[in-house]
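Chemist: I'd like to go over a predicted model; first the sequence, then the structure.
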Amino acid sequence: MADFAKAVEASKVPPDSMLTVEVGGESILIANVDGKYYGIGAYCTHEEWDLSEGTLVDTEVTCAGHGTVWDLKTGKGIFDEPLPDEPLYDVREEGGYLYVKKR
Ligand code: FES
């Protein structure tokens, strides 16, 4: 995914919500925080729970599995053991669609 790829209609990710999308073989969690979009890997690096099933507060997602708190800005998780970072994606809106690109 060297360039931005079309992901989903922007209306599917309204403010203060998140959605897992599949783009180019990658699973990406897109979150809308007060109109600003963030993208990180969709599956928790602890035990692969879908982060869209967790809770979104500001720019943090708490995994529904075992409570890892993921920072949407850095891709880093806070847990009681070190976990691999989530990959980060840039998300941009154009013509009513969201486009994603791996950083
Ligand atoms: S799967 Fe996310 S905290 Fe365990």
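Modeler: Ah, there it is.

Chemist: per-residue pLDDT, the spatially most central residue of the chain?
Modeler: Against the mean C-alpha coordinate of the chain, by Cα atoms, centre = their mean, the closest residue is residue 29 at 2.7 Å. Looking at residue 29, its pLDDT reads 98.

Chemist: work out for me the element it sits within.
Modeler: Using DSSP states H and E, residue 29 falls within strand 26-33.

Chemist: any idea of the mean pLDDT for the helix or strand immediately after that strand in the chain?
Modeler: Downstream of strand 26-33, the next assigned helix or strand under DSSP H and E is strand 36-41. Computed over strand 36-41, the mean pLDDT rounds to 98.

Chemist: for whichever helix or strand comes after strand 36-41, list every residue counted as buried.
Modeler: Note on strand 36-41: by DSSP H and E, the next helix or strand toward the C-terminus is strand 55-57. Of the residues in strand 55-57, residue 56 count as buried by neighbour count, 16 or more other Cβ atoms under 10 Å. No exception for glycine: its C-beta is placed from N, CA and C like everyone else's.

Chemist: can you list the strands that strand 55-57 pairs with?
Modeler: Strands that pair with strand 55-57, judged by DSSP bridges, come out as strand 60-62 (antiparallel).

Chemist: any idea how far the partner strand is from the middle of the chain?
Modeler: Centre-to-centre, strand 60-62 and its host chain are 10 Å apart (Cα atoms, centre = their mean, to the nearest Å).

Chemist: can you pull up the bridge partners for residue 27?
Modeler: Counting by DSSP bridges, the residues bridging with residue 27 are residue 22.
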